[in-house]
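Engineer: pasting the sequence and the predicted model now:
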Amino acid sequence: MYLVKSWRALLAVQMLMLTLILCFGAASAGAEGLSFSKYRLNSGDMISVTMFGEDDMSVETRLTDAGTIPYPFLGEIRVKGMTVGELQHFLTRKLKGDYFIDPRISVTVTEYRKFFVSGEVKSPGGFSFEPGLTLEKAIALAGGFTQRASKDNVVVTREDKGRLKERKLKLNESVLPGDIVNVKESFF
């Protein structure tokens, strides 16, 4: 009896530690101006959903163009626009009671959607996002500026609340998943 209670207490402590590591890891991985605890999932993101003690309920999947994922018992669910925490809460609420007594679910982003660089760079294209990415690093990934590039005229198109917005960024500002970086041509 004592051994069973100790085992449950140890499991509870491990769950708490894992949750803290995931929360602090996501927060410390954030780029300047972006809190990854507020990061909204979108098409192209790869996520891992783990239910502790239920290996059959753990999935790793990429969000579809419609922003959905398949999940056991629930089918195709729309997760576009949710944070990782909101998705964890949603899955826990949907699975608790009918399917599981006390589901413990963890969601992590394993791969962020790509960002794109076009215009006056040597190798335009789509690139894998890593937290901490600045505009200068993004341009370096695209081979750097061409001789005709305007280093002061770089426009970033970013989705904000379902709308695409353009803004000029400085080289030390953050690039986010899904951004489209366009390096304009210099006229001089």
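Structural biologist: Yep, that arrived.
Engineer: contacts for stretch 171-188, please.
Structural biologist: With CB atoms under 8 Å, 6 or more residues apart in numbering as the test, stretch 171-188 has contacts from 31-34, 42, 44-45, 112-121, 129, 133-139, 142, 145, 148-151, 153-159, 169. For the C-beta atoms, the positions are set from N, CA and C on the backbone; glycine is no exception.
Engineer: please repeat the previous calculation with a cut-off of 7 Å.
Structural biologist: Identification of contacts with stretch 171-188 by CB atoms under 7 Å, 6 or more residues apart in numbering yields 31-34, 42, 112-113, 115-121, 129, 133-136, 138-139, 145, 148-150, 153-159.
Engineer: what of stretch 155-168?
Structural biologist: The contact list for stretch 155-168, computed with CB under 7 Å, 6+ apart, reads 154, 169, 175-176, 178-182, 184.
Engineer: just how off-centre is the longest strand seen in the chain within its chain?
Structural biologist: Secondary structure of the chain per DSSP state E: the longest strand is strand 149-160. Centre-to-centre, strand 149-160 and its host chain are 21 Å apart (CA atoms, centre = their mean, to the nearest Å).
Engineer: just give me the closest of the contacts of stretch 155-168 to residue 73.
Structural biologist: Proximity of those to residue 73 (CB to CB) peaks at residue 178, which lies at 29.9 Å.
Engineer: ok, back up a step: give the buried residues for the longest strand of the chain.
Structural biologist: Neighbour-count burial for strand 149-160 flags 149, 154, 156, 158 (criterion: 16 or more other CB atoms under 10 Å).
Engineer: run through the bridge partners of the last one.
Structural biologist: Under the criterion DSSP bridges, residue 158 forms beta bridges with residue 165.
Engineer: that older thread, in PyMOL, how would I select just the buried ones from the contacts of stretch 171-188?
Structural biologist: Of the contacts of stretch 171-188, the buried ones can be selected in PyMOL as follows, counting by 16+ other CB under 10 Å:
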select buried, resi 31+34+42+112+113+115+116+117+119+120+121+129+133+134+135+136+138+139+145+149+154+156+158
